[in-house]
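K.L.:
3D model of this:
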Amino acid sequence: MNDFIPSFDFYTVFVEPWTVDADTNIWLLLMGFLVTTACGLIGKFIILRRLALVGDAISHSLLPGIAVAFILTSSRATFPMFIGAVIAGVVTTVLIEFIHRKSRVKPDAAIGIVFSTLFAIGVIIITVFADHVDLDADCVLYGEIAFVPFLDPVELGGMMLGPFPVVRMAIVLLILIGLILLFYKELLVTSFDPALAASLGIRNGVFHYGLMIVLSLVIVSSFESVGAILVIAMLIFPGATGSLLSDRLPVILWMVAGLSFLYALLGIHLAIWLNCSIAGAMVVIALLLFIFVWVFSPKKGLLQKWVRQRLEDPDSPSSTA
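P.N.:
Reported below is the predicted structural model:
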């Protein structure tokens, strides 16, 4: 058992990261916070529309877009990779909607058909052109946030702003927040009551596809650090956990930011202790916090429900057990 779980040293796990290695870990913390906040904010609107698996579909379907971009440009530069992934994300969304609306196939089945097919195409492309393109599929799928502090920095007016992925993710998050503030009413109505939105003259289709395009941008900006597979966890956990604490959407969106900071901070410490993937550790922390809130939430927690049931029906089997 001792070989499976490393020994715990408080100084090494909690103090040393912010003293000896602070220059590196501050960028890891910031990147984790930016990625999780961006995914959590847009993920809440995806959850409200019961389309959580669309994020999973897009994250898997990025692979062929990235592979084709590498083949066409023979370069691993960020810009062509980013464009190829965005195009793949938009194509995924369009195909899912097309199959769902033009056939009797239900949305979940359409999602499965599209993302599994596109992912398989991406694997085939990488396999066939493996000798011509230096592309690491594991990097695309799992990412490695630990490399972020060592990537090319961005300078503005002689001042170093930070590693390129961090600066890019910060810009994406600011754009996302701006769009949410600008179109909050429309997003709220179309997410909760599409029929009411149509009666008010709000075009559901426009906001649906717009939301999917922005979702693709967020996923593409995130997968380099946390990996395409783990992005889906970041899309769901913050919003789902916040929903257990409040019914008001603005409050939940604020909670997303707070939870994102906890995921990033505690995830880094867990990864240092276990010597494991930082992104994976963040997801484990997200799960643990979700379980904690699920049990102890003052309004919707399992403990509160058990107490309420016992007070209302003291003779029930659950209260006398």
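
K.L.:
C-alpha from now on. contacts and neighbour counts both.
P.N.:
Noted.

K.L.:
just give the nearest non-adjacent residue to V256, would you?
P.N.:
When the adjacent residues along the chain are set aside, V256 lies closest to P238, with 5.2 Å between them (Cα to Cα, 6 or more residues apart in numbering).

K.L.:
checking the one you found next. Helix, strand or coil?
P.N.:
helix (DSSP: H, G, I helix; E, B strand; the rest coil).

K.L.:
could you do K299 as well?
P.N.:
Of the three states, K299 takes coil under three-state DSSP.

K.L.:
do I have it right that L161 meets R168?
P.N.:
No: counting by Cα atoms under 8 Å, L161 does not reach R168; the two are 10.6 Å apart.

K.L.:
which one's more surrounded, the two?
P.N.:
R168 (17 against 13; other Cα atoms under 10 Å).

K.L.:
show me where the stretch 151-300 of the chain has its helices.
P.N.:
Taking DSSP state H, counting those that start in this stretch as the test, the helices found in the stretch 151-300 of the chain are 164-182, 184-192, 194-199, 204-226, 228-243, 249-274, 278-296.

K.L.:
worst mean pLDDT among these?
P.N.:
Within these, confidence is poorest for helix 204-226, with a mean of 82 (mean pLDDT).

K.L.:
report the separation between A57 and T36.
P.N.:
Remark: distance between A57 and T36 (Cα to Cα, to the nearest Å) = 18 Å.

K.L.:
which one of the two is surrounded by more residues?
P.N.:
A direct count of neighbours by other Cα under 10 Å for A57 and T36 places T36 higher, at 31 against 26.

K.L.:
tell me the angle the helix or strand hosting the more buried one makes with helix 228-243.
P.N.:
Taking DSSP states H and E as the definition, T36 sits inside helix 22-48. Here the directions of helix 22-48 and helix 228-243 differ by 70 degrees (axes from the mean of the first three to the mean of the last three Cα atoms, to 10 degrees).

K.L.:
tell me how far the helix or strand following helix 22-48 lies from the chain's centre.
P.N.:
Sequence-wise, the next helix or strand beyond helix 22-48 is helix 52-73, with elements assigned using DSSP H and E. If you compare the mean C-alpha spot of helix 52-73 with that of the full chain, they lie 15 Å apart, counting by Cα atoms, centre = their mean, to the nearest Å.

K.L.:
over to stretch 92-103?
P.N.:
23 Å.

K.L.:
so what touches that stretch?
P.N.:
Outside stretch 92-103, the residues that touch it by Cα atoms under 8 Å, 6 or more residues apart in numbering are 54, 57-58, 61, 105-107, 110-111, 114-115, 209, 212.

K.L.:
show me what counts as buried in it.
P.N.:
Using 16 or more other Cα atoms under 10 Å as the burial criterion, the residues of stretch 92-103 that qualify are T92, T93, V94, L95, I96, I99, H100.

K.L.:
stretch 255-264 too?
P.N.:
Using 16+ other Cα under 10 Å as the test for burial, stretch 255-264 gives M255, V256, A257, L259, S260, F261, L262, Y263, A264.

K.L.:
for L187, state which of the residues you listed is nearest.
P.N.:
Using Cα to Cα, V256 is the member of the buried residues of stretch 255-264 that lies nearest L187, at 17.2 Å.

K.L.:
wouldn't the closest one be in contact with G242 here?
P.N.:
Yes: shown here, V256 and G242 form a contact pair, counting by Cα under 8 Å, at 6.6 Å.

K.L.:
are any of the contacts of stretch 92-103 buried, and if so which?
P.N.:
V54, A57, I58, S61, P107, A110, I111, V114, F115, M212.

K.L.:
tell me the one of those residues nearest P298?
P.N.:
If you rank these by distance to P298 using Cα to Cα, V54 comes first, at 31.1 Å.

K.L.:
just the pLDDT for the closest one.
P.N.:
You'll see V54 listed with a pLDDT of 80.

K.L.:
skipping its backbone neighbours, what lies nearest it in space?
P.N.:
Closest residue to V54 in three dimensions, ignoring its sequence neighbours and counting by Cα to Cα, 6+ apart: I111, at 6.6 Å.

K.L.:
distance of the one you found from V189?
P.N.:
Spatial separation of I111 from V189 under the definition Cα to Cα is 24 Å.

K.L.:
give me the nearest residue to I83, chain neighbours excluded.
P.N.:
Spatially, and ignoring its direct neighbours in sequence, I83 is nearest to A69 (7.8 Å; Cα to Cα, 6+ apart).

K.L.:
show the pLDDT at that neighbour.
P.N.:
As summarised for this prediction, A69 has a pLDDT of 82.

K.L.:
show me what contacts it?
P.N.:
P80, M81, I83, G84.

K.L.:
so which of those comes closest to F8?
P.N.:
For F8, the closest of those turns out to be M81, at 40.2 Å, with distances computed as Cα to Cα.

K.L.:
and the helices of the stretch 151-300 of the chain as JSON lines, adding distance to G32?
P.N.:
JSON lines is the format used below for the helices of the stretch 151-300 of the chain (distance: least, Cα to Cα, whole Å):
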{"stretch": "helix 164-182", "distance to G32": "9"}
{"stretch": "helix 184-192", "distance to G32": "25"}
{"stretch": "helix 194-199", "distance to G32": "34"}
{"stretch": "helix 204-226", "distance to G32": "8"}
{"stretch": "helix 228-243", "distance to G32": "10"}
{"stretch": "helix 249-274", "distance to G32": "5"}
{"stretch": "helix 278-296", "distance to G32": "8"}
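
K.L.:
that's all I had, so thanks and see you.
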